[in-house]
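>>> return atomic coordinates for the entry below.
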Amino acid sequence: MKNILLLSVLVLCLITIATAQSRQDTLEVYKKILKTVDLPKSKISVKSLTDRNLFNNIHLANPSYNTLDTTSTKFWHKKDWTDFLTKIDTSNLKNYALKINNKKWFGTTKKAVKSRIIVTFSPIIFNNSNDKAICILNYFSNGSGGAIISAFFEKSDNVWVLHETLSLTLFD
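Next comes the predicted model:
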């Protein structure tokens, strides 16, 4: 009985550590993609909930927004990326709030505010070995258009590094 109790406590601790790590990884990836976009910080409002529908804008097996771009030297043609991207099933992907313990990660909003840049994140998809990730960011501003940016990350020495971004610019 003591062994079962001890094993239960150990499993609970491991789950807690894994969840905390995945939250930290998630926050790190979101912050890096937002920094890369280089929008004026004072005008950004991040939607408080991710939007899985952003993945409808990308064909994961060939993520270029230019469907004529079939160059085999693109990074997504490398075996490790191909294995990751072609196995993603977005139909089971769930949206989630961008907060931990009711503490928001960003200045968030539920609706568009005039003269603000509204940023929406997709949920982040990590590969099974937790060394690759993809995230999509969408931003728009009334009268200025916006963009959809697919960001591909790799983990190097326990740090998430932006590997590549693909952008589709939208004009208003």
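>>> hey, what's the residue nearest to the spatial centre of the chain bridged with?
Nearest residue to the geometric centre of the chain (C-alpha atoms, centre = their mean): Cys135, 2.8 Å. Counting by DSSP bridges, Cys135 is bridged to Ala151.
>>> who's in contact with it?
The neighbourhood of Cys135, defined by C-beta atoms under 8 Å, 6 or more residues apart in numbering, consists of 29-30, 33, 121-125, 150-151, 153. All C-beta spots, glycine's among them, are computed from the backbone N, C-alpha and C.
>>> go through the residues you listed and name the one nearest Asn53.
Ranked by distance to Asn53 (C-beta to C-beta), the contacts of Cys135 are led by Ser122 at 8.2 Å.
>>> ok, that closest one to Phe55 distance?
Using C-beta to C-beta, to the nearest Å, Ser122 is found at 6 Å from Phe55.
>>> who touches both of the two?
What both Ser122 and Phe55 touch, as defined by C-beta under 8 Å, 6+ apart, is the set Ile136.
>>> neighbour-wise, which of these two wins?
Each of Ser122 and Phe55 has its neighbours counted (other C-beta atoms under 10 Å); Ser122 has more, 25 against 19.
>>> my read: the more buried one touches Ile148, true?
No - when contacts are counted by C-beta atoms under 8 Å, Ser122 is not listed as touching Ile148 (9.7 Å).
>>> that's a helix at Pro123, yeah?
No - checked against DSSP: H, G, I helix; E, B strand; the rest coil, Pro123 lies outside a helix; its state is coil.
>>> about what we covered before: may I ask which of the contacts of Cys135 has the most neighbours?
Neighbour-wise, these (other C-beta under 10 Å) top out at Phe121, 27 neighbours.
>>> and that one, how far from Gly146?
If you measure Phe121 against Gly146 using C-beta to C-beta, the figure is 14 Å.
>>> can you pull out the helices in this protein?
2-37, 79-86 (DSSP state H).
>>> lowest mean pLDDT across those, which one is that?
Mean pLDDT is lowest for helix 2-37 among these, at a mean of 57.
>>> one step back: in CSV: the contacts of Cys135, plus distance to Lys79.
Shown next, in CSV, are the contacts of Cys135 (distance: C-beta to C-beta, whole Å):
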residue, distance to Lys79
Val29, 23
Tyr30, 28
Ile33, 25
Phe121, 28
Ser122, 24
Pro123, 25
Ile124, 22
Ile125, 18
Ser150, 20
Ala151, 21
Phe153, 18
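>>> what number of residues lie near Phe126?
Neighbour count of Phe126, defined by other C-beta under 10 Å: 20.
>>> check the gap between the closest residue to it other than its chain neighbours and Ile33 for me.
Distances taken as C-beta to C-beta, 6 or more residues apart in numbering place Ala133 nearest to Phe126, at 4.8 Å, with adjacent residues excluded. Separation of Ala133 from Ile33 (C-beta to C-beta) stands at 10 Å.
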